[in-house]
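Colleague: predicted model and sequence follow; I will ask about them next.
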Amino acid sequence: MNKPCAVIPVFNHEGAVPAVVADLRAAGLPCVLVDDASSPACARVLQQLAEQDQVFLVSLAVNQGKGGAVMAGLREAARLGFSHALQVDADGQHDLADVSRFLEQSREHPEALICGFPQYDESVPKGRLYARYLTHVWVWINSLSLRIPDSMCGFRVYPLPPVLALINSVNLGRRMDFDPEILVRLAWRNQPMRWLPTKVHYPQDGLSHFRLFHDNALISTMHTKLFFGMLLRAPVILWRRWRA
């Protein structure tokens, strides 16, 4: 049975997250909020949101980073009995009008990971846009495949059993390196994936926690680690694909 929810990692997005939750609840989607050691002001907003029906809150005492918060939310979603989780950023950059399309694809293909293929407008920071192109190339190399057109968009529906099997067995990146790394490692396991175009907008007054130099260095280190992991696993990866 397909029983989805939304998982929203939150770090000091008290201004944007109420509207995100309202849109998701209007779409009939339960929400798991993950407070990643936010400020007291943000924590109060999240506690108020969690008083609503079908809004759940996980509070982390120490900041884990985006990836760590998402993984905590995925584990909580499974504990609550959900089968799938839509990862959504708290800053309002994702087009929540696409939620129904993503959930429909997930219902039709419950075994698949449904990934957003971002369509950017002029609001995208150019430094982040250019860095994505280098990441695309590394992801294609490290996954031994061209079937991942974008690995950085955090708007995706995870089927929880295979994803939890991965995150409970591998030490994944816990910050901005999480989104691309989990896709590469799932591709190594021959995880089915499907891609849907989705608009992405960066609000002019939005709060971004992406650190241009630090996070790009972290992502580069992750790609290097995956490259050597790919070399070791290449025969098994290719054998699994041949059998599939």
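Modeller: Structure's in. What do you need? Numbers count the residues shown, from 1 in each chain.
Colleague: CA only for contacts and neighbour counts going forward, please
Modeller: Will do.
Colleague: over to the nearest residue to Leu166 once chain neighbours are set aside. Which of the three states is it?
Modeller: Nearest non-adjacent residue to Leu166, counting by CA to CA, 6 or more residues apart in numbering: Leu186, 7.6 Å away. Secondary structure, DSSP: H, G, I helix; E, B strand; the rest coil: Leu186 is helix.
Colleague: okay, Leu186 and Ala78: tell me how far apart.
Modeller: For Leu186, the distance to Ala78 equals 18 Å [CA to CA, to the nearest Å].
Colleague: what's the mean pLDDT across the lengthiest helix in the chain?
Modeller: Taking DSSP state H as the criterion, the chain has its longest helix at helix 212-243. Taken as a whole, helix 212-243 has a mean pLDDT of 81.
Colleague: now do the buried residues in that helix.
Modeller: Asn216, Ile219, Ser220, Met222, His223, Leu226, Phe227, Met230, Ala234, Ile237 (16 or more other CA atoms under 10 Å).
Colleague: just checking, what packs against that helix?
Modeller: Secondary-structure packing of helix 212-243 (3 or more CA pairs under 8 Å, 6 or more residues apart in numbering; DSSP states H and E): helix 126-143, helix 178-188.
Colleague: which among those is found nearest to Leu113?
Modeller: Closest of the helices and strands packed on helix 212-243 to Leu113 is helix 178-188, at 9.2 Å (criterion: CA to CA).
Colleague: which residues are contacting that closest one?
Modeller: 66-67, 139, 142-143, 148, 151-154, 163, 166, 172-173, 222-223, 226, 237 (CA atoms under 8 Å, 6 or more residues apart in numbering).
Colleague: just confirm Pro161 is within a helix.
Modeller: Yes - inclusion of Pro161 in a helix is indicated when three-state DSSP is applied.
Colleague: could you dump stretch 35-51 to PDB, C-alpha only?
Modeller: Only the C-alpha atoms of stretch 35-51 are listed here, as PDB (Å, rounded to 0.1, in the frame of the first residue of the first chain):
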ATOM      1  CA  ASP A  35      14.000  20.800  13.700                       C
ATOM      2  CA  ASP A  36      17.800  20.700  13.000                       C
ATOM      3  CA  ALA A  37      18.700  22.500  16.300                       C
ATOM      4  CA  SER A  38      17.100  25.800  15.100                       C
ATOM      5  CA  SER A  39      16.900  29.000  17.100                       C
ATOM      6  CA  PRO A  40      14.300  29.300  19.900                       C
ATOM      7  CA  ALA A  41      12.100  31.500  17.600                       C
ATOM      8  CA  CYS A  42      12.000  28.900  14.900                       C
ATOM      9  CA  ALA A  43      11.500  26.000  17.400                       C
ATOM     10  CA  ARG A  44       8.400  27.800  18.700                       C
ATOM     11  CA  VAL A  45       7.000  28.100  15.200                       C
ATOM     12  CA  LEU A  46       7.600  24.400  14.600                       C
ATOM     13  CA  GLN A  47       6.000  23.400  17.900                       C
ATOM     14  CA  GLN A  48       2.900  25.400  16.900                       C
ATOM     15  CA  LEU A  49       2.800  23.700  13.500                       C
ATOM     16  CA  ALA A  50       3.100  20.300  15.200                       C
ATOM     17  CA  GLU A  51      -0.200  21.000  17.100                       C
END
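Colleague: done for today, thanks.
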